[in-house]
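[1] take a look and give me a structure for this.
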Amino acid sequence: MERLRKASHAGSWYSDNPTKLGAELDGWLQATGLAKSSDVRGVIAPHAGYSYSGRCAAYSFANIDPTNITRVFLLGPSHHYYTPKCALTTATAYKTPLGNLPIDLEAIEELKATGKFELMDLQVDEAEHSMEMHLPYLFKVFQGCQVKIVPILVGALNSQNEAMYGKLLSKYVDDPKNFFSVSSDFCHWGSRFNYMHYDRKHGAIHESIEALDRMGMEIIESGDADGFKKYLSEFENTICGRHPISVFLHMIRNSSTKIKINFLRYEQSSACKTTRDSSVSYASAAATKLDT
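    Prediction:
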């Protein structure tokens, strides 16, 4: 029986008009000037409304060569629903204004059988935007290819569970037919986010935010999962996808395929100059297979 997760944020966070949305995505992808590479095995991309982060996200998705990929694992943080575990979708397809993306039910069953995952009901699934914001891009990039998706909602994991899920999912990294789409925004700065870290030696507030984000990005690029945890506990940077990123770092660490993450784009929703301002940062990366 078909269970469709509707595109609950279409018409508000991004256009629900397929022609307009398709043209927007094409424009942003082309504007990056990036070439597709079959060595790109995953991305880290933002999940804000497209007017804020759509252009930045294109720098991740423009790298993807869809030719040999048949399955995309989606790892997104949970914004509304608390779980100390990871949760799997109960839908059979995810709807986008451009068309539907089928769920890989076989992979879902395989993960379910580990006993380590909970299931999220459709309301939880539809309330969450972190994975949905990747879907139109994935549909666009994989258009005409037989691709299925495996959405995994990553809860508030402790360090042990981040490592455990990373180990459990690492075997999928070794299959070149699998691709990974990791969803995260970076620093949420301002009183409305209860986060006002400011190091004056970097200059204006927005420059301090950038320095802080870039420190985190460099640690992610180094593949150091423990270093990333240390950075988060020291600076408490409000990176909402820190758990999906940590799981991904553990996946790479445990796979026999050598993968290197490189950030390609960094933007802020606005440049904070005073403590009354607020902003969200967006960063886009590609995870590329290294020749061994």
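[2] does K6 touch T96 like I think?
    No - judged on Cβ atoms under 8 Å, K6 makes no contact with T96 at a distance of 9.9 Å. Yep, even glycine has a C-beta here, placed from its N, CA and C like the rest.
[3] out of those two, which sits in the more crowded spot?
    More crowded of K6 and T96, by other Cβ atoms under 10 Å: T96, with 23 against 14.
[4] quick one: pLDDT of that one?
    You'll see T96 listed with a pLDDT of 98.
[5] ok, now D291?
    For D291, the pLDDT comes out at 77.
[6] confirm it sits in a helix?
    No - read with DSSP: H, G, I helix; E, B strand; the rest coil, D291 is coil and lies in no helix.
[7] what number of residues lie near it?
    Counted with other Cβ under 10 Å, the neighbours of D291 add up to 5.
[8] and it, how far from F117?
    34 Å (Cβ to Cβ, to the nearest Å).
[9] same question for T67.
    For T67, the distance to F117 - Cβ to Cβ - is 30 Å.
[10] ok, N178 next?
    According to Cβ to Cβ, N178 stands 17 Å off from F117.
[11] for the most centrally placed residue in the chain, name its beta-bridge partners.
    The chain has S183 as the residue nearest its centroid, 1.4 Å off, counting by Cα atoms, centre = their mean. S183 has these beta-bridge partners by DSSP bridges: A45.
[12] again with the one 5 residues further on
    Applying DSSP bridges to H188 yields these beta-bridge partners: V280.
[13] now it: how far from V141?
    27 Å.
[14] out of these two, which sits in the busier spot?
    Taking other Cβ under 10 Å, H188 and V141 do not tie; V141 has more neighbours (24 against 19).
[15] for the more buried one, give its distance to H206.
    Relative to H206, V141 is positioned 31 Å away (Cβ to Cβ).
[16] tell me, how many residues neighbour the spatially closest residue to L249 that is not a sequence neighbour?
    Excluding the flanking residues, the one nearest L249 by Cβ to Cβ, 6 or more residues apart in numbering is A225, at 3.9 Å. Using other Cβ under 10 Å, the number of residues around A225 comes to 24.
[17] who touches A225 in this structure?
    E162, A163, G166, S246, L249, H250, R253 (Cβ atoms under 8 Å, 6 or more residues apart in numbering).
[18] now swap in D277 and tell me
    Counting by Cβ under 8 Å, 6+ apart, D277 makes contact with G190, I205, S270, A271.
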